[in-house]
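Colleague: The amino acid sequence is not available; the structure is as follows:
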């Protein structure tokens, strides 16, 4: 018969205590980065407003692109920190900045009554008509 060597049982590492996170600063931060954040977030009592953000350059030609985006309330629920849940609705990429501003005006107009479904439908329409 085989003799088994007895090895010490492996000790599991102890789990770490949860890291306490500092609450996000209100209105802090700086710069106009196109990475999201509070751009177009609905103000208290007012409808959200679309913004034009610069996007990645086209891979094929290297041209700069812009798009309209707006943060719409997702539903009546709130995040852990008490803020309303939002979803970013984006328009199509545009080579012409003025066209992106026109898209932003249209999206802002659709968002006047805070109807997220209406804004998403408009964004889908803009995206499907953007075949070039």
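Modeller: Good, I have the coordinates. Quick caveat: nothing in here was measured; it's all calculated off a predicted structure.
Colleague: For the residue lying closest to residue 73 once chain neighbours are set aside, grab the count of nearby residues.
Modeller: Leaving out its chain neighbours, the residue that sits closest to residue 73 by CB to CB, 6 or more residues apart in numbering is residue 84, at 5.2 Å. C-beta: built from backbone N, CA, C; applies to glycine. Look at residue 84: counted by other CB atoms under 10 Å, it has 15 neighbours.
Colleague: measure residue 84 to residue 120 for me?
Modeller: Going from residue 84 to residue 120 by CB to CB, to the nearest Å gives 17 Å.
Colleague: name the element residue 124 belongs to?
Modeller: Assigned by DSSP states H and E, residue 124 belongs to helix 116-128.
Colleague: Show me what the longest strand anywhere in the chain is packed up against.
Modeller: Longest strand in the chain by number of residues (criterion: DSSP state E): strand 65-78. Secondary-structure packing of strand 65-78 (3 or more CB pairs under 8 Å, 6 or more residues apart in numbering; DSSP states H and E): strand 51-55, strand 84-90, helix 97-110, helix 116-128.
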